[in-house]
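Q: coordinates only, sequence not included:
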Ligand code: ADP
Ligand code: MG
């Protein structure tokens, strides 16, 4: 239940403990012993070059990839212990190119997880309408469209609406605005910041774009190869004394 004393924070803490992934056939780990604590309601950006293991970390949190070693806790619960439906309730996931199902309408895409977790029809319908409005898309106009009938920026908005539909405390975003033009990207970033002021989820936002990281992050984790942490601090502190070539 939301608690009035938590200042509107609806997110849950995330803790990574010695999280490691070595893919079969690889000698070096893709993610090598990362430990990190993310506060409830924090927008944490993980920034690092391509191949530094960012997507692998998110997929481990989301249990799309099994860790070789280490643990992930969400609100003190080990996610490896959560069943798939419980996990969908806890974690929203938005990715580049939106990941929308092309054969489903906008409304069907957004309704997917709420239906899966057993919401009744009226509640799902009301929620789809609420989510479309939240991301700035007029429900009457976009309800029945298919993803191909939307611009790239609109697809990303629907992707965010879908990720938030079941009201999860945690939102994982993997380069969600990577495929759109710079102007649309800036407006999506603004929207995300506005949403976050309202919703106060715990968001892990992955990007290879340092400017995007600075713009969005409450705190930023700068990753080197194999997801080794070069720096973990506020945007202000990182700009004041960058620890890494990637940052300076
Ligand atoms: P990033 O998202 O930072 O670009 P990734 O997490 O996608 O990095 O990849 C990290 C490393 O793991 C890369 O070297 C990549 O080739 C490797 N990798 C990612 N997924 C797999 C996989 N399914 N099988 C084998 N290697 C993988
Ligand atoms: Mg990636």
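A: Everything's here; your move. A quick note: this is a predicted structure, and the numbers were derived from the prediction, not measured. Ligands and ions are numbered 1, 2, ... in the order given.
Q: right, and residue 13 touches residue 76 too?
A: Yes: contact criterion CB atoms under 8 Å: residue 13 and residue 76 qualify, at 7.4 Å. Backbone N, C-alpha and C define where each C-beta goes, glycine included.
Q: With neighbour numbers in mind, choose between those two.
A: Just comparing residue 13 and residue 76: by other CB atoms under 10 Å the higher neighbour count belongs to residue 13, 17 against 8.
Q: what sits against that one?
A: Under the criterion of CB atoms under 8 Å, 6 or more residues apart in numbering, the neighbours of residue 13 are 37, 38, 39, 40, 73, 74, 75, 76, 202.
Q: Is the residue nearest to the spatial centre of the chain bridged to anything, and to what?
A: The centroid of the chain falls nearest to residue 172 when counting by CA atoms, centre = their mean (1.8 Å). The residues paired with residue 172 through beta bridges, assigned by DSSP bridges, are residue 93, residue 204.
Q: Quick check, pLDDT for it.
A: At residue 172, the pLDDT value in this model is 97.
Q: what residue ranges in this structure score low on pLDDT?
A: 1-6, 98, 244-248 (pLDDT under 70).
Q: Buried residues, stretch 121-132. List them.
A: Across stretch 121-132, burial judged by 16 or more other CB atoms under 10 Å covers 124, 125, 127, 128, 131, 132.
Q: How far does that stretch sit from its chain's centre?
A: The offset between the C-alpha centroid of stretch 121-132 and the centroid of the whole chain comes to 21 Å, using CA atoms, centre = their mean, to the nearest Å.
Q: Next: stretch 57-73.
A: Relative to the centre of its chain, stretch 57-73 is centred 14 Å away, using CA atoms, centre = their mean.
Q: repeat for stretch 9-27
A: The chain centre lies 14 Å from the centre of stretch 9-27; the measure is CA atoms, centre = their mean.
Q: now stretch 123-137
A: For stretch 123-137, the gap between its own C-alpha mean and the chain's C-alpha mean amounts to 19 Å (CA atoms, centre = their mean).
Q: Among the contacts of residue 13, which one sits closest to residue 208?
A: residue 38 (19.6 Å; CB to CB).
Q: Quickly list what the spatially closest residue to the closest one that is not a sequence neighbour is bridged to.
A: Leaving aside its chain neighbours, residue 38 sits nearest to residue 14 (4.3 Å; criterion: CB to CB, 6 or more residues apart in numbering). Partner residues in beta bridges with residue 14, using DSSP bridges, are residue 38, residue 74.
Q: Residue 14 touches residue 202, doesn't it?
A: Yes: using CB under 8 Å, residue 14 is in contact with residue 202, at 5.9 Å.
Q: Identify the contacts common to the two.
A: Between them, residue 14 and residue 202 share the neighbouring residues 38, 170, with contact defined by CB under 8 Å, 6+ apart.
Q: Now do the SS call for residue 28.
A: coil (DSSP: H, G, I helix; E, B strand; the rest coil).
Q: ugh, wrong one, residue 180
A: coil.
Q: who in the chain is up against ligand 1?
A: For the chain, the residues in contact with ligand 1 under the definition CB under 6 Å from any ligand atom are 23, 30, 48, 50, 51, 52, 53, 54, 55, 56.
Q: could you pull out the helices for the protein?
A: 54-61, 84-90, 106-116, 121-134, 139-142, 152-164, 182-199, 210-216, 235-240 (DSSP state H).
Q: Mind listing residues that contact the third one?
A: I take that to be helix 106-116. By CB under 8 Å, 6+ apart, the residues outside helix 106-116 that reach it are 85, 88-89, 92, 100-101, 104, 123-125, 127-128, 131-132, 137, 142-147, 150, 158, 161-162, 165-166.
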